[in-house]
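Engineer: Sequence plus the predicted model coming up.
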Amino acid sequence: MDRDNEELRSIASLLADECTQTILIETATEPMSAEELSEVCEVSPQTIYRRLDDLSEHDLIEEDLQPDADGHHYKVYTATLDRVVVDLTTDGFELSLSRRDRMADRFTQFVNEVRDR
C-alpha cells in the first residue's frame, strides 16, 4: 500500500469516528478546551487528547493558548478542516481536503497585500 492510500485510510477512519466528528463540528465556530470537548463528547479527557493528536497529525485542527481570569493560560482547539471531497476514480478513491486559513496567516497576507500596493 502506498503512502497516499495509507493517509487516505487514516483520515477516512478518523473522520468516521463520532467523537472526532463532534470535535470538528464543535470547534468549527469557536475554540474549545479539551475539558469542554470532553463534556460535549461525553468521553474521557484521554480520549479527547488522542483524537486531538490524530487530528493535529493531519493538520485538521490547530492549538492556541487562551488566557484565563487568573492570568494562567490553557490550550484551546479550532478546526482547520473546511471541506472533504472523496472521488471515485479508475485508480481508486481520491481524498481532497481544504483547510481554513489561520487568523494569523490571513492577517499576514493582508499586511503583505497592503504593503505591496
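Structural biologist: Yep, it's here.
Engineer: got the phi/psi numbers for the residue nearest the centre of the chain?
Structural biologist: What sits nearest the mean C-alpha location of the chain, by Cα atoms, centre = their mean, is residue 61, with 2.1 Å. The phi/psi pair for residue 61 (degrees, to the nearest 10) reads phi -150, psi 150.
Engineer: Which residue ranges of the protein form helices?
Structural biologist: With DSSP state H as the criterion, the chain has helices at 3-16, 18-27, 34-41, 45-57, 103-115.
Engineer: lowest-confidence helix or strand of this protein?
Structural biologist: For the chain, the helix or strand with the lowest mean confidence is helix 103-115, at a mean of 57 (criterion: mean pLDDT, DSSP states H and E).
Engineer: Quick one: low-confidence residue ranges for this structure.
Structural biologist: Per-residue confidence for the chain (pLDDT under 70) gives these ranges: 1-4, 101-114, 117.
Engineer: Looking at the helices of the chain, which is nearest to residue 92?
Structural biologist: Of all the helices of the chain, helix 3-16 sits nearest to residue 92, with 7.2 Å by Cβ to Cβ. All C-beta spots, glycine's among them, are computed from the backbone N, C-alpha and C.
Engineer: Format the CA atom coordinates belonging to that closest one as CSV.
Structural biologist: Extracted in CSV, the C-alpha atoms of helix 3-16 (Å, rounded to 0.1, in the frame of the first residue of the first chain):
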residue,chain,number,x,y,z
ARG,A,3,1.7,6.4,1.3
ASP,A,4,-1.3,8.2,-0.2
ASN,A,5,-3.5,5.2,0.3
GLU,A,6,-2.3,4.9,3.9
GLU,A,7,-3.1,8.6,4.5
LEU,A,8,-6.5,8.2,2.8
ARG,A,9,-7.4,5.3,5.0
SER,A,10,-6.1,7.0,8.2
ILE,A,11,-8.1,10.2,7.5
ALA,A,12,-11.2,8.3,6.5
SER,A,13,-11.0,6.2,9.6
LEU,A,14,-10.5,9.3,11.7
LEU,A,15,-13.4,11.1,10.2
ALA,A,16,-15.7,8.1,10.6
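Engineer: For that helix, which helices and strands make contact with it?
Structural biologist: For helix 3-16, the packing partners by 3 or more Cβ pairs under 8 Å, 6 or more residues apart in numbering; DSSP states H and E come out as helix 18-27, helix 45-57, strand 92-99.
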